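> sequence unknown, structure follows:
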């Protein structure tokens, strides 16, 4: 009986090792699938004063990206500088309110990578006044949708988009909410 017991030990050891390898492989495959298909709810917060490096872009704005998905932790989603390339269309009156279509793209740059996305929406000038100097002053309330075009670094492979809203009056305060997969 001692000989039989000794003969089974290597077989049990080999079977235990094989089961451990299969469990680890399955866990690794599940982790890869989870990582590849993970969906995050995010919020991109932008704030800063409008700085026009040229007539086709707006700089001087900073951003932060937060994950709003419970249970998903990314060490640092990012923060950095924003460059906005807006195109404001011809205003039209809708139900007595002057509205202008707005489209464009944004480039968010951080030490962790770049995120580029496009947007479209509506801009409404609020409390617009013509000053004695001839300057028109007011602030714009804007809202619409956005979609990721490309990402590098930690944003590489991100797909998705959502809705945005913001106000500008010489300063920019915007929030871009949405879902991304990575």
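Now that the structure is in, tell me what you want to look at. Predicted model only: the values in this text are computed from it and were never measured.
> contacts for stretch 169-182?
Stretch 169-182 is contacted from outside by 35-50, 58, 61, 68, 84, 117, 138-140, 142, 146, 148, 157-167, using CB atoms under 8 Å, 6 or more residues apart in numbering. Placement of C-beta: from N, CA and C, glycine included.
> Now for the closest residue to residue 138 other than its chain neighbours, which secondary structure element holds it?
Spatial nearest neighbour of residue 138, chain neighbours left out: residue 128 (3.3 Å); criterion: CB to CB, 6 or more residues apart in numbering. Using DSSP states H and E, residue 128 sits within strand 113-130.
> From the contact counts, what lies against that strand?
For strand 113-130, the elements it packs on are strand 97-110, strand 136-151, strand 159-168, judged by 3 or more CB pairs under 8 Å, 6 or more residues apart in numbering; DSSP states H and E.
> That strand to strand 97-110, inter-axis angle?
Computed with axes from the mean of the first three to the mean of the last three CA atoms, to 10 degrees, the direction of strand 113-130 lies at 150 degrees from that of strand 97-110.
> what are the pairing partners of strand 113-130, and which direction each?
The strands beside strand 113-130 in its sheet (DSSP bridges) come out as strand 97-110 (antiparallel), strand 136-151 (antiparallel).
> got those as JSON lines, with mean neighbour count and distance to residue 175 columns?
Conversion of those to JSON lines gives the following (neighbours: other CB atoms under 10 Å; distance: least, CB to CB, whole Å):
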{"stretch": "strand 97-110", "mean neighbour count": "17", "distance to residue 175": "13"}
{"stretch": "strand 136-151", "mean neighbour count": "16", "distance to residue 175": "10"}
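> okay, those in a markdown table with distance to residue 171 and mean pLDDT next?
Formatted as a markdown table, the strands paired with strand 113-130 follow (distance: least, CB to CB, whole Å; pLDDT from 0 to 100):
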| stretch | distance to residue 171 | mean pLDDT |
| --- | --- | --- |
| strand 97-110 | 17 | 92 |
| strand 136-151 | 9 | 90 |
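> right, so of those strands, which gets closest to residue 88?
Residue 88 sits nearest to strand 97-110 of all the strands paired with strand 113-130, at 5.1 Å, using CB to CB.
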